[in-house]
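S.K.: The sequence and its predicted three-dimensional model are supplied below.
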Amino acid sequence: MTLQWIAGLMMAGFLAVRVQGYGPAGHEMVGAVADGKLAGTSAGRKVQTLLGGVSLARAANLADDLKFWDKKKGAIKPGSLRLTNNHGLELQLFDFWQANPATDNNPTNNPSHHWFHYTDVPVEGNGRYQDGLTGRSQWDVVQMMAYCIRVLRGEESEQNVRKITKPVAAVLLAHFVGDIHQPLHVGAQYFDERGRAVNPDANGGHGTGDQGGNGLTLLMQEIPGLTMPKGRMKLHGFWDNQAVTVAFNKISSDAMFRSAGPAPEFTKQGIARYYIRKKPPNWKSGSARDVMKWPENWANEILPLAREAHRRLEYVDVRIGESNGEAAAVGTSKEKLNAGAESYAVWAGNKVNESIHRAGWRLAELLAAIVK
């Protein structure tokens, strides 16, 4: 099997901040599946025209690539970094990046593009996205997906203050669909000052979040064939990268077990074809006329998985500290060991396998519904 491409991307991105989403490998796969589903269709041709020939597999990582521009700041000029072969698209991404600069504070008139990738709904309790205020904002992933849909449908002017044109909206949706299917981009655990789990929506807003697992170091049992990164592994980073590796390894072993001939060479293209050919269960999003509701529906669907991702852990020495320059609940999360139960890594890999599969089909369906 040739899964070195996954391992390389995984190790490179393991200590990245939360905007990483499913990591390069996961996001690329979501886009590649959507490319395959749209290939040869009228909607697919319209999407390719919109993106100027850039594939959805490539587009799906562009929103994360912009964070590297943040590190260079004044050194970045229009067209100075060739993210794609579409110079016009890069100029539009530059305008978007300038209009939504990375920032450490919360001025609602000048949001950071980092905020668009997630929402931090409390996982304590059984609330839905629409049931509270904590962790939600007008700039979270649910609201920004709706914003991009409006731009693509012509309901929001391309001359908007966020500088989201139709091509940029397509690029962002290609990424955000992957983000909203990553459970720790939707739910967060909140703690009081004594390190106890709380639900701010039920106690007057009191509690500090773990930044979708970025504040928590993860300790878990090792599994055969999975190389743990050196240094401190964050809970969020595990879901971005390591769980994706487990998911793709599962696809490889399943497909080889079922094949009658020699074991196939499982490149990323082979894994994408596997996802494209096999219809994922429970993937339909609803009527195209309700497309504006899909992001919120997806967030509500993934919240139980975010809860389970936290409930399978126990917390040690949690305190209010700092993560990524912001106040956060920090500490250690340890896998709960249950005799006979599958490990946390195997369980998470199975869930990521299902989520990436659905996300690819849903991205294709979403774009087809919009461009029609």
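M.R.: Everything's here; your move.
S.K.: mind listing the strands for this protein?
M.R.: 121-122, 187-188, 190-191, 197-198, 208-209, 216-219, 313-323, 326-335 (DSSP state E).
S.K.: The spatially closest residue to Gln182 that is not a sequence neighbour: neighbouring residues, count only.
M.R.: Of all residues not flanking Gln182 in the chain, Tyr22 sits nearest, at 5.2 Å (C-beta to C-beta, 6 or more residues apart in numbering). C-betas here are computed from N, CA, C, even on glycine. For Tyr22, the count of nearby residues is 29 (other C-beta atoms under 10 Å).
S.K.: Looking at the strands of the chain, which one is packed in the most?
M.R.: The highest mean neighbour count among the strands of the chain, using mean count of other C-beta atoms under 10 Å, belongs to strand 187-188: a mean of 30.
S.K.: pLDDT below threshold where in the stretch 101-250 of the chain?
M.R.: By pLDDT under 70, the low-scoring segments of the stretch 101-250 of the chain are 104-109, 223-231.
S.K.: which stretches of it form helices?
M.R.: Assigned helices in the stretch 101-250 of the chain, in chain order: 141-152, 166-180, 235-237, 243-258 (criterion: DSSP state H, counting those that start in this stretch).
S.K.: Next, work out how far apart the most centrally placed residue in the chain and Asn241 are.
M.R.: The centre of the chain sits closest to Asp179, judged by C-alpha atoms, centre = their mean, with a distance of 2.0 Å. Distance, Asp179 to Asn241, by C-beta to C-beta, to the nearest Å: 14 Å.
S.K.: Could you do Ile370 as well?
M.R.: According to C-beta to C-beta, Ile370 and Asn241 sit 30 Å apart.
S.K.: Who has more neighbours out of those two?
M.R.: Asn241 (28 against 23).
S.K.: What separation do you get for the more buried one and Gly349?
M.R.: 11 Å.
S.K.: nearest residue to Gly212 other than its sequence neighbours?
M.R.: Leu184 (4.1 Å).
S.K.: What are the neighbouring residues in contact with the one you found?
M.R.: By C-beta atoms under 8 Å, 6 or more residues apart in numbering, the residues touching Leu184 are Arg18, Gly212, Gly213, Leu235, His236, Trp239, Ala306, Ala309.
S.K.: what's the answer for Gly26, then?
M.R.: Gly178, Gln182, Asp240, Asn241, Val244, Val352, Ile356.
S.K.: ok, for the fifth one, nearest residue in space, not its chain neighbours?
M.R.: Nearest residue to Val244 in three dimensions, chain neighbours excluded: Gly26, at 4.5 Å (C-beta to C-beta, 6+ apart).
S.K.: quick one, longest helix in the chain?
M.R.: helix 344-371 (DSSP state H).
S.K.: Show me how far that one is from its chain's centre.
M.R.: 10 Å (C-alpha atoms, centre = their mean, to the nearest Å).
S.K.: Show me what that helix is packed up against.
M.R.: Judged by 3 or more C-beta pairs under 8 Å, 6 or more residues apart in numbering; DSSP states H and E, helix 344-371 is in contact with helix 23-38, helix 42-50, helix 141-152, helix 166-180, helix 243-258, helix 268-277, helix 294-311.
S.K.: Lovely, talk soon.
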